[in-house]
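1. sharing a model prediction with you, sequence too.
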Amino acid sequence: MADHACTLSDLPERFDEVIDDLHVLRLPMVTRFRSITEREVALFSGPAGWAEFSPFVEYRTEEASRWLQAALEFAGLITSPTGLHPASSVRSVDACSADTESAPAEAAEPHREKVAVNGTLPACSPGEVETILARYGRVGTVKAKVAEHGLDSLAEDLERLREFRRLFPQATLRLDANAGYSLDEALTASAQFADFGLQYFEQPVAAVEDMARLRAELDRRRLPVVLAADESIRKAEDPLRVAELGAAEVIIVKVQPLGGIGSARAVIDDCGLPAVVSSALESSVGLAAGATLAAGLPRTEISRRLLGDDPACGLGTVRLFADDVTNPNAGMRPVDGYVPVTRIAPDPDRLQTLAVDPGRYDWWAERLQQCWSLLRREPEPG
């Protein structure tokens, strides 16, 4: 195993020569989410601690390689492509993840030892709303998934949201459509959803251009719906396009899809828009990287206006799992609406009890090698 952070060209061609403790785990979920009922994750450690590689199984090598880059950075095996190395110390995230000479004065924030999180309400029956959200304990913000079947889900979504508002009339509500609507459908749905008092509506349509058209039409109709960009940020080649087109007022960032803490912070700084750090449905090991990024985000006048003084991040999703890589009293389980900013080491017993079968392990090992080979072929930044 490498004993210090370095560039990819300094490391062996075979990934299994870089690490010696690869574990692949299967985590059962308490309810269907993103059409899956279990999640597979790969964990390994480096000089800075444990890290997670968990792109969804359908992702191709080009996209999955960014997830590996993020894991390598957080483990302390490589430096960030931005030239930063935020994984060396959780407590020094501000100094590591921003250029203090060029960053605006408002970006200088004290280190936070915990960050607020939202609860997540998947597509479910109204009768399940209270039970699912009870797993999060006391949270002031909830993100509800909508558009599981596009506009065909609208009646079910509205019924579920009405039950949510009956149970939690004062809670802050966010919606996430995961690009499930066409432009016309998004306008129809937004007119209905506006009545629920939203903090923002996340990625109602897929294309950045349609997001911009939707925002302009919402303004013309004077519908009080703030748009947030998720998939447009983590998949677009040029994240600045969202800001340039005025397609959203808030961006959702995820550490693994963006290639690491350093790259995610660079996207935030370049866009200049308020950001919410969210989960990519990781275990506690992966969520720890998201909390590290969230702890160092700047609080600006605009972010306070749109998101409040203590914006909730989407990092409480370990509650969607029936089991995690740590014991029930540890890890990134929300307590009173907060998760800690700390590194997480998996419990040795769970590394065994949650391990996938040998065939799946080999599949993930080969996938890691493919991503590793692709990263080594790419030119070094700068």
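-> In hand now; what should we look at? Residues are numbered from 1 along each chain as shown.
2. and the strands in the stretch 101-250 of the chain?
-> Assigned by DSSP state E, counting those that start in this stretch, the stretch 101-250 of the chain shows strands spanning 114-116, 119-121, 141-145, 148-151, 172-176, 198-202, 227-229, 250-253.
3. got the contact list for stretch 163-171?
-> Outside stretch 163-171, the residues that touch it by Cβ atoms under 8 Å, 6 or more residues apart in numbering are 121, 126-127, 129-130, 133, 139-142, 144, 173, 196. (Each C-beta comes from the backbone N, C-alpha and C, glycine too.)
4. in that stretch, what counts as buried?
-> Within stretch 163-171, the residues that qualify as buried are 163-164, 168, 171, counting by 16 or more other Cβ atoms under 10 Å.
5. same check, this time on stretch 244-259
-> Neighbour-count burial for stretch 244-259 flags 245, 247-259 (criterion: 16+ other Cβ under 10 Å).
6. touching, residue 140 and residue 312? I think so.
-> Yes - look at residue 140 against residue 312 with Cβ atoms under 8 Å: they come within range, at 6.9 Å.
7. what is in contact with those two at once?
-> Residues touching both residue 140 and residue 312 (Cβ under 8 Å, 6+ apart) are 116, 172, 337.
8. in ChimeraX, select just the buried ones from those.
-> Paste this into ChimeraX to select the buried members of the shared contacts of residue 140 and residue 312, with burial taken from 16+ other Cβ under 10 Å:
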select :116,172,337
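9. please identify which of the shared contacts of residue 140 and residue 312 is nearest to residue 231.
-> When the shared contacts of residue 140 and residue 312 are compared for distance to residue 231 (Cβ to Cβ), residue 172 comes out closest, at 22.2 Å.
10. that closest one against residue 141, yeah?
-> Yes - using Cβ under 8 Å, residue 172 is in contact with residue 141, at 4.2 Å.
11. tell me, what's touching these two both at once?
-> Residues touching both residue 172 and residue 141 (Cβ under 8 Å, 6+ apart): 118, 199, 312.
12. gap between the last one and residue 143?
-> Note on residue 312: its distance to residue 143, by Cβ to Cβ, to the nearest Å, is 9 Å.
13. try residue 183
-> Applying Cβ to Cβ, the value for residue 183 to residue 143 is 22 Å.
14. so between those two, which is more surrounded?
-> residue 143 (25 against 16; other Cβ atoms under 10 Å).
15. tell me the contacts of that one?
-> Neighbours of residue 143 in contact, by Cβ under 8 Å, 6+ apart: 118-121, 173-176, 202, 314.
16. and it, what are its bridge partners?
-> For residue 143, the beta-bridge partners under DSSP bridges are residue 120, residue 174.
17. break the protein into its domains for me.
-> Here the domain parsing of the chain from automatic domain parsing is 8-93+348-377, 99-340.
18. want to try TSV for these, with mean pLDDT as columns?
-> Listed next are those as TSV, based on pLDDT from 0 to 100:
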stretch	mean pLDDT
domain 8-93+348-377	89
domain 99-340	91
